[in-house]
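Asks: just a sequence and a predicted model for now, questions to come.
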Amino acid sequence: MAVLTISRQFGAGGKTLGARVAQRLGYEFVDEGLMDKVAEKANVSVKWVEGVEREAGGHLMRFLSTLVPSSFIDRHLGESGSDFDEKRYVEFLTRIIKDLAREDNMVILGRGSQFILRRDPNALHVLLVAERADRIKFMVRNYNMEPEKAEAMINRESRRRERYLANFHQGDPNDPSLYHMVLNTSLVPLEAAGEQLVELVLGAVDLSAEPIWD
Amino acid sequence: MAVVSISRQFGAGGRTLGVLVAAELGYHFLHESQLDQLADKAAGSAPASEVGQSQYRRQVVELLTSLAPSNFMDRWTSPEGDDKGHIERLTQVVQELADEGNVVMLGRGSQFTLRYRPDTVRILLVAELPQRIGFMMKNYNLDQISAKRLISEADKKRARFLNNFYPGEPDEASLYHLVLNTSLLSLEGATSQVTKLVKRVEADLKKQAQI
């Protein structure tokens, strides 16, 4: 019974790992695409959102999964996005993520979930890092991409992540002390990394707020 | 046969973790101060012949059992023994110990000295600043201001020392296999994370050796 947030440097295997860990634990996996779909609707109509929230009650997930896909992040967080839109987008995602966390047994990928749920005692936060060269390789291998395209995508997504997470004013998202654990997927193969994460969640019942042990 | 290097922010705890991990794996645990003392007493004395080597190993073990970890506070407040000669001997000792295998080493730049060894698992322990301050206050009877000042000085000292081995930021997560937050994890949970990872690396090394 826990919520696991996974933050990652783009190309460090967060999506693959998140899905795997959720499956192993029997948790729901909520990736960024799913949250964005909802946020897009939110942008279309605030009333619609209110309607969804009212209708969904405690079962937001069911609604989330029926929504149509679309990529819209560029419009919000790209160069042309106004501050107002971005602020509203962040506020809305904050609400969604808090709602999801209340439903428990979730693996949530990205979108500032580590900051939004930072003080939630039921939440565990993990960061995945990897060497740049390995992240490019990962994208080439797993998404059938040309290396140049993978590199450009990693650059773009890194800037976007930085910019988006700055909205939370909670410091450098790569600061390891924000997380329970940081895994380096350049050194720990994905399968082993998945096992370590499952272990972290299953051991979470033992997590105490005890001070540092020496 | 693997090697574990544990690095830590000052006040992030970790000695107990090192001892527990070593016990669980059946490895030898070497505290920072033991590494320092070994550097002064034994570096470069490893002989080439096999007979000499086993004798050398016995000597190292004897030496180790005679070296008690020196007082924690003394180490951090005393003037730094990181002249060039000492750093060189330290590097040598860390490498020699790693060659022997089955060892858990705490700090002393071992994460950088052993950076490219496939048999070495590198762990970093971090904690949030308020927790580190609280830890120092509780364990060393300090008021908040002294604890804060001590941590800030020790952080600088650690950065300076590690700069002898690596020019960049030593707490950069991608330098390590695993970073654990000692203000959020239980000792048990953290120990199990490390031992499981080391056992995986051991199994992989064994598999590779068979091929």
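Replies: Okay, I see it. Keep in mind the model is a prediction, meaning the values are calculated, not measured.
Asks: in the chain, which ranges drop under the pLDDT threshold?
Replies: By default, I'm working from chain A. Filtered on pLDDT under 70, chain A yields the residue ranges A:38-86, A:204-214.
Asks: should've been chain B
Replies: B:42-82.
Asks: report the central residue of it.
Replies: Chain B has residue B:106 as the residue nearest its centroid, 1.5 Å off, counting by Cα atoms, centre = their mean.
Asks: what's the helix ranked longest in chain B packed up against?
Replies: As assigned by DSSP state H, the longest helix anywhere in chain B is helix B:187-210. Helices and strands touching helix B:187-210, as assessed by 3 or more Cβ pairs under 8 Å, 6 or more residues apart in numbering or on different chains; DSSP states H and E, comprise helix A:190-202, strand B:3-8, helix B:15-25, strand B:120-126, strand B:178-181. Bear in mind the C-beta positions are built from the backbone N, C-alpha and C, glycine included.
Asks: need those in JSON lines with mean neighbour count, can you?
Replies: Formatted as JSON lines, those follow (neighbours: other Cβ atoms under 10 Å in any protein chain shown):
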{"stretch": "helix A:190-202", "mean neighbour count": "19"}
{"stretch": "strand B:3-8", "mean neighbour count": "26"}
{"stretch": "helix B:15-25", "mean neighbour count": "19"}
{"stretch": "strand B:120-126", "mean neighbour count": "25"}
{"stretch": "strand B:178-181", "mean neighbour count": "25"}
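Asks: nearest to residue B:199, of those?
Replies: Nearest to residue B:199, of all the helices and strands packed on helix B:187-210, is helix B:15-25, at 7.6 Å by Cβ to Cβ.
Asks: packing partners of that closest one?
Replies: In this structure, helix B:15-25 packs against strand B:3-8, strand B:28-30, strand B:103-106, helix B:187-210, with contacts taken as 3+ Cβ pairs under 8 Å, 6+ apart.
Asks: in the helix or strand harbouring residue B:37, what counts as buried?
Replies: Using DSSP states H and E, residue B:37 sits in helix B:32-41. Judged by neighbour count (16 or more other Cβ atoms under 10 Å in any protein chain shown), helix B:32-41 contains these buried residues: B:32, B:33, B:34, B:35, B:36, B:37, B:38, B:39.
Asks: is chain A contacted by it?
Replies: No - counting by Cβ under 8 Å from any Cβ of the partner chain, chain A is not contacted by helix B:32-41; separation bottoms out at 13.0 Å.
Asks: and the closest residue to residue A:199 other than its chain neighbours, how many neighbours?
Replies: Leaving aside its chain neighbours, residue A:199 sits nearest to residue B:196 (6.1 Å; criterion: Cβ to Cβ, 6 or more residues apart in numbering or on different chains). Using other Cβ atoms under 10 Å in any protein chain shown, residue B:196 has 15 other residues around it.
Asks: chain A: helices as residue ranges?
Replies: All helices of chain A, identified by DSSP H, fall at A:14-25, A:32-44, A:46-56, A:60-65, A:73-77, A:83-103, A:113-116, A:132-143, A:147-166, A:190-202.
Asks: out of these, indicate the one that is most buried.
Replies: helix A:113-116 (a mean of 25; mean count of other Cβ atoms under 10 Å in any protein chain shown).
Asks: chain center to stretch B:4-23: distance?
Replies: A distance of 7 Å separates the centroid of the chain from that of stretch B:4-23, by Cα atoms, centre = their mean, to the nearest Å.
Asks: output that stretch as CSV, nothing but the C-alphas.
Replies: Provided in CSV are the C-alpha atoms of stretch B:4-23 (Å, rounded to 0.1, in the frame of the first residue of the first chain):
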residue,chain,number,x,y,z
VAL,B,4,31.4,-2.1,-2.1
SER,B,5,32.4,1.5,-1.8
ILE,B,6,30.2,3.7,0.4
SER,B,7,30.5,7.4,0.3
ARG,B,8,28.4,9.8,2.4
GLN,B,9,27.7,13.4,3.1
PHE,B,10,28.9,14.5,6.5
GLY,B,11,26.1,13.8,9.1
ALA,B,12,24.3,11.4,6.8
GLY,B,13,25.3,8.4,9.0
GLY,B,14,26.4,5.2,7.4
ARG,B,15,29.0,3.5,9.6
THR,B,16,26.4,1.0,10.8
LEU,B,17,25.2,0.4,7.3
GLY,B,18,28.7,-0.5,6.2
VAL,B,19,29.1,-2.9,9.1
LEU,B,20,25.7,-4.6,8.5
VAL,B,21,26.3,-4.9,4.8
ALA,B,22,29.7,-6.5,5.3
ALA,B,23,28.3,-8.9,7.9
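Asks: settle this for me: residue A:124 is touching residue A:5, isn't it.
Replies: Yes - assessed by Cβ atoms under 8 Å, residue A:124 is found in contact with residue A:5 at 7.3 Å.
Asks: partners of the residue lying closest to residue A:181 once chain neighbours are set aside in the sheet?
Replies: Excluding the flanking residues, the one nearest residue A:181 by Cβ to Cβ, 6+ apart is residue A:126, at 5.3 Å. Beta-bridge pairing of residue A:126 under DSSP bridges involves residue A:6, residue A:181.
Asks: number of nearby residues for residue A:126?
Replies: As a burial measure, residue A:126 scores 25 neighbours (other Cβ under 10 Å).
Asks: measure it to residue A:13 for me?
Replies: Counting by Cβ to Cβ, to the nearest Å, the separation of residue A:126 from residue A:13 is 12 Å.
Asks: wait, what's in contact with the residue sitting nearest the centre point of chain A?
Replies: Central residue of chain A (Cα atoms, centre = their mean): residue A:110, 1.6 Å from the mean position. Residue A:110 is in contact with A:6, A:7, A:8, A:14, A:31, A:32, A:161, counting by Cβ atoms under 8 Å, 6 or more residues apart in numbering or on different chains.
Asks: please repeat the previous calculation with a cut-off of 6 Å.
Replies: By Cβ atoms under 6 Å, 6 or more residues apart in numbering or on different chains, the residues touching residue A:110 are A:7, A:32.
Asks: what's the answer for the one 4 residues further on, then?
Replies: When contacts are counted by Cβ under 6 Å, 6+ apart, residue A:114 touches A:5, A:7, A:125.
Asks: just these now: which is nearest residue A:101?
Replies: residue A:5 (8.7 Å).
Asks: from what I see, the closest one and residue A:113 are in contact.
Replies: Yes - counting by Cβ atoms under 6 Å, residue A:5 touches residue A:113, with 4.0 Å between them.
Asks: pull stretch A:12-29 out as PDB, backbone CA atoms only.
Replies: The C-alpha trace of stretch A:12-29 is given here as PDB (Å, rounded to 0.1, in the frame of the first residue of the first chain):
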ATOM      1  CA  ALA A  12      16.900   6.700 -18.300                       C
ATOM      2  CA  GLY A  13      14.100   4.100 -18.800                       C
ATOM      3  CA  GLY A  14      11.400   5.500 -16.500                       C
ATOM      4  CA  LYS A  15       8.400   4.500 -18.600                       C
ATOM      5  CA  THR A  16       9.600   1.000 -19.200                       C
ATOM      6  CA  LEU A  17      10.600   0.500 -15.500                       C
ATOM      7  CA  GLY A  18       7.500   2.200 -14.200                       C
ATOM      8  CA  ALA A  19       5.200  -0.100 -16.200                       C
ATOM      9  CA  ARG A  20       7.200  -3.200 -15.100                       C
ATOM     10  CA  VAL A  21       7.200  -2.300 -11.400                       C
ATOM     11  CA  ALA A  22       3.500  -1.400 -11.400                       C
ATOM     12  CA  GLN A  23       2.700  -4.800 -13.000                       C
ATOM     13  CA  ARG A  24       4.800  -6.700 -10.500                       C
ATOM     14  CA  LEU A  25       3.100  -4.900  -7.600                       C
ATOM     15  CA  GLY A  26      -0.400  -5.000  -9.100                       C
ATOM     16  CA  TYR A  27      -0.500  -1.200  -9.000                       C
ATOM     17  CA  GLU A  28      -1.900   1.300 -11.500                       C
ATOM     18  CA  PHE A  29       0.700   2.900 -13.700                       C
END
